[in-house]
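Student: here is a sequence together with a model predicted from it:
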Amino acid sequence: MSEWRETTLTDLGIFGRGKSKHRPRNDIRLFEGGKYPLVQTGDVKSANLYITKNEAFYNEFGLEQSKLWPAGTLCITIAANIAETGILSYPMCFPDSIVGFNADPEKSSEIFVYYLFEYIKREVQKSASGSIQDNINIDYLTKMRIRVPDKGYQDKIVRLLSSIDNKILINNRVCQELEAMAKMLYDYWFVQFDFPDEKGRPYKSSGGKMVYNEELNREIPEGWGVEKLNSFKVVTGKRDANFGTENGEYDFWTTADKPIKANEFSFEGKAILIAGNGNFYVNFTDGKFEAYQRTYVIQSDDDEMLIFMYLACLQSVEKLRKGSNGSIIKYITINDVNSIASPFNSEVVNRFIDFYMPTMETILKNKFQNQELIQLRDWLLPMLMNGQVKV
């Protein structure tokens with residue numbers, strides 16, 4: 001039987017604050033031609049155990065005023081998104097709003113401390129909420145008193161929880177790969193117009209006749225029309241950001257890439273969701289859910305056409321992010337959403353849906369399974385971390 005002891009986080013490993021000495025932080029000279037990954041607090045918050053993507057890259061000048069941390073480092077946010085954690089899957093830099101932790105392998109591991117922070121996150125966030133800017137410092141972290149079992153028992157806890165998280169990661173990876181394949185096929189058929197013609201040849205590349213379409217301001221195959229979102233039911237959610245709750249039953253779609261939870265729902269069935277600000281994420285869901293007031297909800301009685309137009313929305317996301325003059329816009333209006341359009345031919349679309357529908361069913365199945373796995377993990381986590389459940 002494992003003995004639990006009270007200690008400090010510094011007893012388990014080494015903490016170090018991220019570096020970003022140069023001001024302003026967004027100086028373009030730090031990033032031009034950059035190749036060194038920079039992870040921000042938002043990247044840590046959106047990670048599921050491992051940080052597998054980042055949006056910004058430092059160049060040599062940027063690296064000089066920062067530090068490149070090794071893969072396997074645990075990142076802990078201390079400003080903006082408080083007490084969010086993730087493990088670097090490759091070497092990255094991070095700013096002073098993030099603390100890095102490297103475990104003493106004789107006493108603990110980065111992944112155990114990751115789960116420890118998942119357990120104490122609410123307590124840490126509550127402590128930070130009393131400060132002027134809602135943040136914590138490295139001194140707060142190093143002085144925290146925690147109870148931990150011996151290293152062998154820590155590893156047992158990690159094996160159980162990480163087996164669940166690894167299945168979630170595999171499901172996410174499968175969904176991403178399937179969605180990328182579907183987007184590529186949509187582009188090939190409905191942007192490049194090289195769908196198979198009656199002889200199995202790529203239509204446009206084989207000399208298929210094209211005609212100019214004024215509505216799309218481009219050439220499309222002869223005999224084709226246009227399908228627009230304004231023929232669907234397009235509404236916005238009515239809830240504000242504070243409507244979410246930690247242990248709610250239903251998905252609550254805000255402007256983030258992933259839903260949080262709520263105790264009530266206003267929508268049911270299949271739907272396209274477009275975030276009206278932020279990064280303008282586009283998602284597809286099926287079931288009972290709630291939506292934020294800046295999130296657009298698109299539904300239809302025709303599930304197959306809804307799924308087809310979901311791919312049109314994904315393909316159009318860059319156009320939504322930029323205005324006609326190429327400048328970045330801050331909000332998407334309902335007129336922007338209603339104007340999303342796709343070239344359309346019922347026979348070709350039906351063939352495309354025959355290819356794509358099994359893929360979409362697999363994606364939705366994996367997402368539903370992940371919801372169940374997350375609920376299981378979140379139910380086990382506190383009981384494992386307080387010793388209530390033994391492994």
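Tutor: Good, I have the coordinates. Residues are numbered from 1 along each chain as shown.
Student: burial measure for A83, as a count.
Tutor: 21 (other C-beta atoms under 10 Å). In this view, the C-beta of every residue, glycine as well, is placed from N, C-alpha and C.
Student: grab the nearest non-local neighbour of it.
Tutor: V124 (4.0 Å; C-beta to C-beta, 6 or more residues apart in numbering).
Student: what about the one you found, helix or strand, and which?
Tutor: helix 110-128 (DSSP states H and E).
Student: tell me which other helices or strands that helix touches.
Tutor: strand 74-77, strand 85-88, strand 98-103, strand 145-148, helix 151-190, helix 346-385 (3 or more C-beta pairs under 8 Å, 6 or more residues apart in numbering; DSSP states H and E).
Student: could those go into a markdown table alongside mean neighbour count and mean pLDDT?
Tutor: Converted to a markdown table, those look like this (neighbours: other C-beta atoms under 10 Å; pLDDT from 0 to 100):
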| stretch | mean neighbour count | mean pLDDT |
| --- | --- | --- |
| strand 74-77 | 25 | 96 |
| strand 85-88 | 23 | 97 |
| strand 98-103 | 22 | 96 |
| strand 145-148 | 15 | 94 |
| helix 151-190 | 16 | 96 |
| helix 346-385 | 15 | 95 |
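Student: wait, which of these is closest to E222?
Tutor: Closest approach to E222 among the helices and strands packed on helix 110-128 is made by helix 346-385 (12.5 Å; C-beta to C-beta).
Student: next, the angle helix 151-190 makes with the closest one.
Tutor: 170 degrees (axes from the mean of the first three to the mean of the last three C-alpha atoms, to 10 degrees).
Student: helices or strands next to helix 346-385 in the packing?
Tutor: For helix 346-385, the packing partners by 3+ C-beta pairs under 8 Å, 6+ apart are helix 110-128, helix 151-190, strand 282-291, helix 303-315.
Student: how about a markdown table for these, with distance to G276 added?
Tutor: Putting the helices and strands packed on helix 346-385 into a markdown table (distance: least, C-beta to C-beta, whole Å) gives the following:
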| stretch | distance to G276 |
| --- | --- |
| helix 110-128 | 27 |
| helix 151-190 | 22 |
| strand 282-291 | 10 |
| helix 303-315 | 13 |
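Student: of all the ones you listed, which one is nearest T52?
Tutor: helix 151-190 (8.5 Å).
Student: helix or strand right after that closest one?
Tutor: Next element after helix 151-190 (DSSP H and E): strand 210-213.
Student: spatially nearest residue to K67 (excluding sequence neighbours)?
Tutor: K19 (4.8 Å).
Student: I figured the one you found was touching S66, is that so?
Tutor: Yes. The criterion here is C-beta atoms under 8 Å, and K19 meets it with S66 at 4.7 Å.
Student: more neighbours: which of these two?
Tutor: The neighbour count for K19 versus S66, taken as other C-beta under 10 Å, is higher for S66 (22 against 19).
Student: phi, psi for the more buried one please.
Tutor: Here is the backbone geometry of S66 (degrees, to the nearest 10): phi -130, psi -150.
Student: do P343 as well
Tutor: According to degrees, to the nearest 10, P343 has phi -60, psi 140.
Student: just list whatever residues bridge to it.
Tutor: V226 (DSSP bridges).
Student: quick one: residues contacting it.
Tutor: F190, F193, N213, L216, I220, P221, W224, G225, V226, E227 (C-beta atoms under 8 Å, 6 or more residues apart in numbering).
Student: and the spatially closest residue to T362 that is not a sequence neighbour, how far from V191?
Tutor: Leaving out its chain neighbours, the residue that sits closest to T362 by C-beta to C-beta, 6+ apart is L178, at 6.2 Å. As judged by C-beta to C-beta, to the nearest Å, L178 and V191 stand 19 Å apart.
Student: does the spatially most central residue of the chain belong to a helix, a strand or coil?
Tutor: In the chain, the centroid-proximal residue (C-alpha atoms, centre = their mean) is D257; its distance is 4.3 Å. At D257 the chain is in coil, as set by DSSP: H, G, I helix; E, B strand; the rest coil.
Student: which ones are touching it?
Tutor: S46, N279, Y281, N283.
Student: how about P382?
Tutor: With contact taken as C-beta under 8 Å, 6+ apart, P382 is in contact with Y119, Q388.
Student: what's the pLDDT at V317?
Tutor: Note on V317: pLDDT of 78.
Student: meant to ask about N279
Tutor: 83.
Student: that older thread, anything in contact with each of K19 and S66?
Tutor: Joint contacts of K19 and S66 (C-beta under 8 Å, 6+ apart) are C93, P95.
Student: just want the angle from the helix holding V124 to helix 151-190.
Tutor: Using the same axes, to 10 degrees, helix 110-128 lies at 90 degrees relative to helix 151-190.
Student: list the buried residues in helix 110-128.
Tutor: For helix 110-128, a neighbour-count test (16 or more other C-beta atoms under 10 Å) marks E110, I111, F112, V113, Y114, Y115, L116, F117, E118, Y119, V124, A128 as buried.
Student: can I assume G16 sits in a strand?
Tutor: Yes. Using three-state DSSP, the assignment for G16 is a strand.
Student: I'd say it and G100 touch.
Tutor: Yes. Counting by C-beta under 8 Å, G16 touches G100, with 4.9 Å between them.
Student: so where is the chain shaky, pLDDT-wise?
Tutor: 1, 129-134, 321-329 (pLDDT under 70).
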